[in-house]
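Enquirer: This is the structure alone, sequence omitted:
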């Protein structure tokens, strides 16, 4: 029996658009705090706000986008998000003050939130249902690779050409993504009107069927945020700076190698076949990281965490889509990414209180316990009913 075609022009285009947008997002996330400190002589806390307010904007964009995407259409929302992204990027070039810069970052985040909610929805529409796990695995590589490549490009541009170059790069990426997105053909999903649309209604902003795996993802994102925020400082603290510079590269390469296999496993054997091994590998990787005294162990931990967290992330995203009716796929995507962003956004703030008390090694060791708790959370919310849910 011949497989349904996955690598269509629309699938490739929307994956590249997502990669380009996320690349710019992570490039600016890791450089804006330093830019704010050096350009505006801001305090560390204010610089951190300028960098992280982007996540708040992204959450606002996802909340609005998830609610409206079925009504507006995923293609229109994608184009709107990219246009907001590109126009707001221009304002980085205008001399201003800290308050305006914070507003610019917030609006920039809203644009990315709208656009990436749309890319996730469109890709779930163009992937054949029989290959959804495999397709989402490939698509989510665009986000994973951007987390590794974005910071490297940002730091290299600043070192060679100064801060203006990162804004030029982001603007070019915005224009490029718009040109790629315009020809994309997004399938039309029949809009199902809600008769109780007045006032706040939970189902207007969140997809209940996607909530269980999204909550499990929140727990794992909290754990992974400790790596995103503190891995560079930790590497310097244990005299493994060179290994620290290769961490995200190893992480991305391992995911790139493993995704084709894990995506097919998800489609043929169900979510548990990937999720449970991934979570165990994530815990082992975090344990190795907490005890690393050599570059080999440090980078081995990166490989385990890539196999673990990286594949759990794509698995839960695919599951959120699989359990959701077609006309609510936009809400499912926004629900999933809202919880993912909450975990990544709240994590550094919460975990930052632990570092002065137990140190970086103690932090990563404690995150092993959080991952183990997360295994039980996944089991209780989705794992014990994985086959039943996906067959219904």
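Expert: The structure has been received and is ready for your questions. Just so you know, these numbers come straight off a predicted model, no measurement behind them.

Enquirer: what's the closest non-adjacent residue to the residue most central in space within the chain?
Expert: Nearest to the mean C-alpha position of the chain, counting by CA atoms, centre = their mean, stands residue 143 at 5.9 Å. Excluding its sequence neighbours, the residue lying closest to residue 143 (CB to CB, 6 or more residues apart in numbering) is residue 22, at 5.1 Å. For glycine as for every other residue, the C-beta is placed from the backbone atoms N, C-alpha and C.

Enquirer: Show the contacting residues for that neighbour.
Expert: Counting by CB atoms under 8 Å, 6 or more residues apart in numbering, residue 22 makes contact with 116, 142, 143, 146, 147, 150.

Enquirer: What mean pLDDT does stretch 329-343 get?
Expert: The average of the pLDDT scores along stretch 329-343 is 84.

Enquirer: on that earlier part again, could you dump the contacts of residue 22 into JSON lines and include pLDDT?
Expert: Below are the contacts of residue 22 laid out as JSON lines (pLDDT from 0 to 100):
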{"residue": "116", "pLDDT": "90"}
{"residue": "142", "pLDDT": "87"}
{"residue": "143", "pLDDT": "80"}
{"residue": "146", "pLDDT": "85"}
{"residue": "147", "pLDDT": "74"}
{"residue": "150", "pLDDT": "84"}
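
Enquirer: thinking again about what came up before, the residue nearest to the centre of the chain: which element?
Expert: helix 132-161 (DSSP states H and E).

Enquirer: Residue 55 too?
Expert: Remark: residue 55 resides in helix 44-72, with elements defined by DSSP H and E.

Enquirer: Same question for that helix: list its buried residues.
Expert: 46-70, 72 (16 or more other CB atoms under 10 Å).

Enquirer: what helices or strands is that helix leaning on?
Expert: With contacts defined as 3 or more CB pairs under 8 Å, 6 or more residues apart in numbering; DSSP states H and E, helix 44-72 has these neighbours: helix 9-40, helix 74-90, helix 98-126, helix 202-205, helix 329-351.

Enquirer: C-terminal to the shortest one, what's the next element?
Expert: It stands for helix 202-205. Per DSSP H and E, helix 202-205 leads on to helix 211-237 as the next helix or strand towards the C-terminus.

Enquirer: and that following helix, what other elements does it pack with?
Expert: So helix 211-237, by 3+ CB pairs under 8 Å, 6+ apart, packs with helix 241-269, helix 272-290, helix 295-305, helix 311-322, helix 329-351, helix 355-381.

Enquirer: pLDDT on the last one, on average?
Expert: When you say that, I think you mean helix 355-381. 94.

Enquirer: and what of the second one?
Expert: When pLDDT is averaged over helix 272-290, the result is 96.

Enquirer: Over to the first one?
Expert: The average pLDDT within helix 241-269 is 85.

Enquirer: gap between it and the chain center?
Expert: Between the centre of helix 241-269 and the centre of its chain there are 15 Å (CA atoms, centre = their mean, to the nearest Å).

Enquirer: swap in stretch 171-182?
Expert: With CA atoms, centre = their mean, you get 20 Å for stretch 171-182.

Enquirer: Likewise for stretch 133-144?
Expert: 11 Å.

Enquirer: Give me the contacts around it.
Expert: 6, 11, 14-16, 18-19, 22, 120, 123-124, 127-128, 251-252, 255-256, 259-260, 262-267, 310-311, 313-315, 317-318, 321-322.

Enquirer: One more pass at 6 Å, please.
Expert: 6, 15, 18-19, 22, 123, 127, 252, 255, 259, 263-264, 266-267, 310, 314, 317-318 (CB atoms under 6 Å, 6 or more residues apart in numbering).

Enquirer: And stretch 59-74, by the same measure?
Expert: In contact with stretch 59-74 (CB under 6 Å, 6+ apart) are residues 77, 110, 113-114, 117-118, 121-122, 186, 191, 204-205, 327, 330-331, 334, 337-338, 341.

Enquirer: ok, residue 51 to residue 306 distance?
Expert: Noted for residue 51: a distance of 24 Å to residue 306, by CB to CB, to the nearest Å.

Enquirer: I meant to write residue 237 there.
Expert: The gap separating residue 237 from residue 306 is 22 Å, by CB to CB.

Enquirer: the more surrounded of those two?
Expert: residue 306 (26 against 15; other CB atoms under 10 Å).

Enquirer: In space, what's closest to that one - neighbours in sequence excluded?
Expert: In space, residue 306 is closest to residue 254, 3.6 Å off (CB to CB, 6+ apart).
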